[in-house]
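Engineer: Any chance you can model this:
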Amino acid sequence: MTTTTIVKAPFRADHVGSLLRPEAIHTARKDFQEGTITAQQLHDIETAEIKKIIDKQIEVGLQAVTDGEFRRRFWHTDFLEHLNGVEGYTPNHGFAFKGEETERYDVRVIGKISFNSEHPHIKEFIEFKEMVGDRAVAKQTIPSPNQLFNAGIRNKDVYPDLEEYTKDIIATYRDAITAFYDAGCRYLQLDDVYIAGLNAPEIPFNDSGYSREQLIDLALRVVNGVLEDKPEDLVITTHLCRGNYRSKWAFEGSYAKIAPTLFAKEKVDGFFLEYDDDRSGDFGPLEFIPNGGARVVLGVFTSKHGQLEDAENIKARIQEATKYVPLEQLCISPQCGFASTHHGNILTEEEQWAKLKYIVDLSKEIWG
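Structural biologist: This is a model prediction of the structure:
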């Protein structure tokens, strides 16, 4: 079970991005909200903690490292609310997860959408990349453009026509990708709960007037429109997530409905896929991944608890996946981040690091 080592992202052992916020950040956020420290002091505390987790990721053997999303409250809203024409707000209710309602916060469109050249994530990435240096690949995560198609975000007074909305979203994200590239980013991940939700039988998609199949086609058109003419040396992956909040999940369902369209035709360099439990379905949809095409990062480890998965079972599952995708096209990771929101999943930082090291060690056993 050996093959050549991947030197280009995604790596044999990779991770989705977010990491548990240390107590120092929770305390600093609280102090900032209460007005006892300044924004600069909060930034400095976050920076100190990001430096620590960069070192820790390198120590456990990861080739790609992230800032843990330590400067964000939520995986998506912090990016989206800083686009022109979008604002963050507190709705009347959060999102319904299995057994829990999320903290109430979302975004909505208030004007024509475009990329903000002063977007804070660009400056933050430049700082982060300087901290990493040449020790590892600095990976940036942002929400997929398709997140803007979630119910309640589009303002039909501003965008009565879905096609005009689509056109502006594509242009906005093309500008965002250019800005990250110019800032030195060469590994960018688009996190996409919306596309994964197009599989879920319990989620209705009828407020747009489009069928589920039409929305799947639209989602493909958006991502490929964004990726058109991307720089050759920029790796862009997508993570298809079913929700991750305090170790809870939002919906279930395999990738079967989207696979014939998105797996076959989406022009990303890799798919991060959730395969940590039964709600994910089987590996059958992977048959639509083109041979020699996008790499498939199998999320066969869970970020929702700290218990380490059985090594022989993991190896057997990877072997099973090779019925559909060659081993040299496969990688492994947790199914999601450890803290998609500032709350974090229900495990300890020690368990988080042990799991990431375990993934690295197993990848070496499998691929050599």
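
Engineer: Only alpha carbons, please: show stretch 39-58 as PDB.
Structural biologist: In PDB, the C-alpha atoms belonging to stretch 39-58 read as follows (Å, rounded to 0.1, in the frame of the first residue of the first chain):
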ATOM      1  CA  ALA A  39      -9.100  46.000  19.800                       C
ATOM      2  CA  GLN A  40      -5.300  46.100  19.400                       C
ATOM      3  CA  GLN A  41      -4.800  44.200  22.700                       C
ATOM      4  CA  LEU A  42      -7.300  41.600  21.500                       C
ATOM      5  CA  HIS A  43      -5.500  41.400  18.200                       C
ATOM      6  CA  ASP A  44      -2.100  40.900  20.000                       C
ATOM      7  CA  ILE A  45      -3.500  38.100  22.200                       C
ATOM      8  CA  GLU A  46      -4.900  36.400  19.200                       C
ATOM      9  CA  THR A  47      -1.500  36.800  17.400                       C
ATOM     10  CA  ALA A  48       0.300  35.200  20.300                       C
ATOM     11  CA  GLU A  49      -2.000  32.200  20.300                       C
ATOM     12  CA  ILE A  50      -1.800  31.800  16.500                       C
ATOM     13  CA  LYS A  51       2.000  31.600  16.800                       C
ATOM     14  CA  LYS A  52       1.600  28.800  19.300                       C
ATOM     15  CA  ILE A  53      -0.700  26.700  17.100                       C
ATOM     16  CA  ILE A  54       1.400  27.200  14.000                       C
ATOM     17  CA  ASP A  55       4.300  25.700  16.000                       C
ATOM     18  CA  LYS A  56       2.100  22.900  17.300                       C
ATOM     19  CA  GLN A  57       0.700  22.000  13.800                       C
ATOM     20  CA  ILE A  58       4.300  21.800  12.500                       C
END
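
Engineer: looking only at pLDDT, what's the mean for it?
Structural biologist: The average pLDDT within stretch 39-58 is 97.

Engineer: quick one: it to chain centroid distance?
Structural biologist: Here the centre of stretch 39-58 is set off from its chain's centre by 20 Å, with CA atoms, centre = their mean, to the nearest Å.

Engineer: Not counting stretch 323-332 itself, show me its contacts.
Structural biologist: Stretch 323-332 has contacts (CB atoms under 8 Å, 6 or more residues apart in numbering) with 1, 3-4, 6, 10-14, 270, 283-284, 286-287, 289, 291-293, 295-301, 314, 318, 321-322, 359, 362-363, 366-367. (C-beta placed from N, C-alpha, C; glycine too.)

Engineer: out of the residues you listed, which are inside strands?
Structural biologist: Among the contacts of stretch 323-332, the residues falling in strands (DSSP state E) are 270, 295-301.

Engineer: quick one on the thing from earlier: point out the ones among the contacts of stretch 323-332 that are inside helices.
Structural biologist: Counted as lying in helices by DSSP state H, out of the contacts of stretch 323-332, are 314, 318, 321, 359, 362-363, 366-367.

Engineer: returning to that earlier point: who wins for neighbours among the ones in strands among the contacts of stretch 323-332?
Structural biologist: V297 (28 neighbours; other CB atoms under 10 Å).

Engineer: from memory that one sits against G270, does it?
Structural biologist: Yes - using CB atoms under 8 Å, V297 is in contact with G270, at 5.9 Å.

Engineer: quick one: least confident helix or strand in the chain?
Structural biologist: Ranking every helix and strand in the chain by mean pLDDT, DSSP states H and E puts strand 96-97 at the bottom, with a mean of 58.

Engineer: tally of neighbours for the closest residue to G299 other than its chain neighbours?
Structural biologist: Counting by CB to CB, 6 or more residues apart in numbering, Q335 is the residue found nearest to G299 once chain neighbours are left out, at 3.1 Å. With neighbours defined by other CB under 10 Å, the count for Q335 comes to 26.

Engineer: Tell me the pLDDT of Q335.
Structural biologist: 88.

Engineer: re the thing from before, got a quick PyMOL command for the buried subset of the contacts of stretch 323-332?
Structural biologist: The PyMOL command for the buried members of those (criterion: 16 or more other CB atoms under 10 Å) is given here:
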select buried, resi 6+10+11+12+13+14+270+283+286+289+293+295+296+297+298+299+300+301+314+318+321+359+362+363+366+367
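
Engineer: Can you show me the helices along the stretch 151-300 of the chain?
Structural biologist: Assigned by DSSP state H, counting those that start in this stretch, the stretch 151-300 of the chain shows helices spanning 162-182, 193-197, 212-227, 264-265.

Engineer: For the first one, what does the pLDDT average out to?
Structural biologist: In this model, helix 162-182 has a mean pLDDT of 97.

Engineer: As a check, name the ranges of all strands in the stretch 101-250 of the chain.
Structural biologist: Using DSSP state E, counting those that start in this stretch, the strands of the stretch 101-250 of the chain run over 106-114, 137-138, 140-143, 187-192, 235-240.

Engineer: counting contacts, what elements does the first one pack onto?
Structural biologist: For strand 106-114, the helices and strands in contact under the criterion 3 or more CB pairs under 8 Å, 6 or more residues apart in numbering; DSSP states H and E are helix 77-80, strand 84-89, helix 162-182.
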